[in-house]
Every structure is written in structure tokens, then in C-alpha cells.
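Undergrad: have a look at this prediction, sequence included:
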Amino acid sequence: MSIVNLTVDGLSTNNAPGTEPGESPMSRAPSRFRQRDVTAAVKAVEASGHPVRYVRISRDGDIEIEIGTPAELPSPAPINPWDVVLTRRQ
């Protein structure tokens, strides 16, 4: 199992008309990553012949890709006999 860390640096923001560079009329900060960054990173890992187990993105915008087979989904919970009883009452 390997982990690939990618950091996106040098992001630029598009300024809205009438605003100065570095000044933003919006209330939220510019995004730390873009979907195309994640897509490119996943495609690069897959092109190298490794399956992607999962992708995690930190608050700083670091893209972490774990290489390996996807984790198995947990088995569903056993059926509760009361589910049947309560369903009949409705």
C-alpha cells in the first residue's frame, strides 16, 4: 500500500469586475483545489497501472491518493425483527 501526496500551489483568483487584485466581493475564500486537479491526479495514478483505493483532500488542499484495491464495504446490519412488526402497523 502506497500513498501519493500532491500539493496544488500557485492558485490564482479571478477578480470580479470593479475589484482590485487580491480583493474579493465574495464571502468565502478561494478554493484550495479544483475538481480537475483531483481528476488529473487520479488519472495519473491509474495510468501508472495502480488502482486507486481512495482519495482524501485536506483543508489545505493537499490531495492524498491511497493506492491499492478498494476497501470492502461493511456487511449490512442483520435484519431486526421489530422492523417487520413496525412496517405491518403502518
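TA: Sure, I can see it. What you are looking at is a predicted structure, and each value in this text was computed from that prediction instead of being measured.

Undergrad: out of everything not next to it in sequence, what's closest to Ile57?
TA: Ile63 (5.6 Å; C-beta to C-beta, 6 or more residues apart in numbering). The C-beta positions use only the backbone N, C-alpha and C, and glycine is treated the same way.

Undergrad: who is the one you found paired with across the strands?
TA: Taking DSSP bridges, one obtains Leu6, Ile57 as the residues bridged to Ile63.

Undergrad: does Glu66 touch Arg53 like I think?
TA: Yes. Glu66 is in contact with Arg53 according to C-beta atoms under 8 Å; the separation is 4.3 Å.

Undergrad: number of residues surrounding Ser58?
TA: Using other C-beta atoms under 10 Å, Ser58 has 12 other residues around it.

Undergrad: and the gap between it and Ser27?
TA: Separation of Ser58 from Ser27 (C-beta to C-beta, to the nearest Å): 22 Å.

Undergrad: now do Val38
TA: For Val38, the distance to Ser27 (C-beta to C-beta) stands at 24 Å.

Undergrad: of those two, which one has the most company?
TA: Neighbour count, other C-beta under 10 Å: between Val38 and Ser27, Val38 has more, with 16 against 5.

Undergrad: low-confidence ranges in this protein?
TA: 1-26, 71-75, 89-90 (pLDDT under 70).

Undergrad: in the protein, which spans are strands?
TA: Using DSSP state E, the strands of the chain run over residues 2-6, 52-57, 63-67.

Undergrad: what helices or strands is the last one leaning on?
TA: Packing partners of strand 63-67 (3 or more C-beta pairs under 8 Å, 6 or more residues apart in numbering; DSSP states H and E): strand 2-6, helix 35-47, strand 52-57.
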